[in-house]
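> Predicted structure and sequence below. I'll ask about it afterward.
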Number of protein chains: 2
Amino acid sequence: MDKFFEVVVQFTRLSPVGQGALAAVLKRLELPKGHVLIKQNTICNHLYFVEQGLTRTYYIKNGKDVTDWISAENTFACSILSFITRQPDRRTIELLEPSVLWSVHYDDLEKLYVDYHDIERLGRLLVASGLVQLQQRFDDLHFSTALNRYKALLKSKPDYIRRVPLGILASYLGMTQETLSRMRSQI
Amino acid sequence: MDKFFEVVVQFTRLSPVGQGALAAVLKRLELPKGHVLIKQNTICNHLYFVEQGLTRTYYIKNGKDVTDWISAENTFACSILSFITRQPDRRTIELLEPSVLWSVHYDDLEKLYVDYHDIERLGRLLVASGLVQLQQRFDDLHFSTALNRYKALLKSKPDYIRRVPLGILASYLGMTQETLSRMRSQI
DNA sequence: CTGACTTTTTGACATTTATCAAAGGAGATT
DNA sequence: AATCTCCTTTGATAAATGTCAAAAAGTCAG
């Protein structure tokens, strides 16, 4: 749990009572590679913090597997659309490696938001951080060639290139695995 | 200002005192078409609410004009990256139509967050809503053909097609204006 | 170590979209 | 009405990327 609060404190300092309340609803999970955290077309009720391991979020679009997001150590994973809107979403989240996670239930978080101003603030800052990351990822995709998208990833997330299978990485970058394989040999 | 609070109340109900404090820092702007709200490479210190009119956010990428976002009535406009991170950003925001806007200064908002739990909550919900919208826009871009991106826009934002010049719309959709012109005639 | 399986690379070809160039409209101004 | 400017369409061609097929390389259980 220490890792979780190390990350949290970078967003905002919690009061001891707020931190205690948050710690009380955290659940530790130790799960094998391939385990499915969220199934497609269900409501995402948990926010996951990755202490160790790697997750990928994907869905099927026109019959093809599209990887939407990858979460590594010290970042969060959930279906953003479903967690916020409370509607089912097509996304599935699975583990690419055996992982250690901490989960918070949506309802618990909502209660904490009401009771603790500082946790509401933490929530705001976490969402804002997610927005910044998604905006950067969006920018990488918008009007970039396949080669530049790969280069951008090489710069921003070099560890993904070692840890994530090529086909999944290609899909994350919005290209086929053949194209990624060729881009890679071009550098 | 009524329009602004009509939108706000859809996110959360504010206490009278919170609402009053927020109203006190809102500034009304009436500006002509072409007016620049935020210049590239500056820090975005204001969040704008569009009561009437239309804005576009764009930047230059490899010498080309890339439209990143469009805000119409009852939505917000700012450089997300800059407003949140407090760093300069390449984005410029300009008015595509003569507009009526309400602006809030970053510093005022931060003070309100500290003083009023309900405004911190509003902030969280606004950012969350922004995240949902960006995620949807990202999904439209990820592994979609030009034609499908155009169709998705036709469904989600039909008014943009009437109000936004074709070249800007094309760039928003990540294609050239020639391609958009052809997609359009295909439907 | 070997066979079965999965992942990655390579090649030939097809499709999509961009680029460049030019021609049409539409609205504003004289 | 003629001119100007801006916006949109159309056509020819080029470049980027996808698709399909097969070979090569890596992984792992037995």
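That came through, no problem.

> could you dump stretch A:32-50 to CSV, C-alpha only?
The C-alpha trace of stretch A:32-50 is given here as CSV (Å, rounded to 0.1, in the frame of the first residue of the first chain):
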residue,chain,number,x,y,z
PRO,A,32,-1.9,-14.2,-12.8
LYS,A,33,-1.1,-13.1,-16.4
GLY,A,34,-4.2,-13.3,-18.6
HIS,A,35,-6.6,-12.6,-15.7
VAL,A,36,-9.5,-10.4,-16.8
LEU,A,37,-10.2,-7.4,-14.5
ILE,A,38,-13.2,-6.0,-16.4
LYS,A,39,-15.3,-7.8,-19.0
GLN,A,40,-16.7,-6.1,-22.0
ASN,A,41,-20.2,-4.8,-21.8
THR,A,42,-20.2,-4.6,-18.0
ILE,A,43,-20.1,-1.6,-15.7
CYS,A,44,-16.6,-0.9,-14.5
ASN,A,45,-17.0,-0.6,-10.7
HIS,A,46,-13.3,-0.6,-9.7
LEU,A,47,-10.4,1.7,-10.2
TYR,A,48,-7.2,-0.3,-10.2
PHE,A,49,-3.7,0.9,-9.1
VAL,A,50,-0.9,-1.2,-10.6
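
> Would you indicate which residues of it are buried?
For stretch A:32-50, a neighbour-count test (16 or more other C-beta atoms under 10 Å in any protein chain shown) marks A:His35, A:Leu37, A:Ile38, A:Cys44, A:Asn45, A:His46, A:Leu47, A:Tyr48, A:Phe49, A:Val50 as buried. Using the backbone N, CA and C atoms, a C-beta is placed for each residue, glycine as well.

> and it, how far out from the chain's middle?
Put simply, stretch A:32-50 sits 10 Å off its chain's centre (C-alpha atoms, centre = their mean, to the nearest Å).

> is it anywhere near DNA strand C?
No - Stretch A:32-50 stays clear of DNA strand C (C-beta under 7 Å from any atom of the strand), getting no nearer than 10.2 Å.

> tell me which of the buried residues of stretch A:32-50 is nearest to DNA strand C?
Each of the buried residues of stretch A:32-50 was checked against DNA strand C using C-beta to the nearest atom of the strand; the closest is A:His35, at 15.5 Å.

> Quick check, that closest one in contact with A:Glu94.
Yes - with contacts defined as C-beta atoms under 8 Å, A:His35 counts as touching A:Glu94 at a distance of 6.7 Å.

> Could I get the full set of strands for chain A?
With DSSP state E as the criterion, chain A has strands at A:27-31, A:36-38, A:46-52, A:55-61, A:64-71, A:76-77, A:92-95, A:99-105.

> Including mean pLDDT and distance to B:Phe143, could those strands go into CSV?
Below are those laid out as CSV (pLDDT from 0 to 100; distance: least, C-beta to C-beta, whole Å):
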stretch, mean pLDDT, distance to B:Phe143
strand A:27-31, 95, 28
strand A:36-38, 94, 20
strand A:46-52, 97, 25
strand A:55-61, 95, 6
strand A:64-71, 95, 5
strand A:76-77, 98, 21
strand A:92-95, 95, 16
strand A:99-105, 97, 26
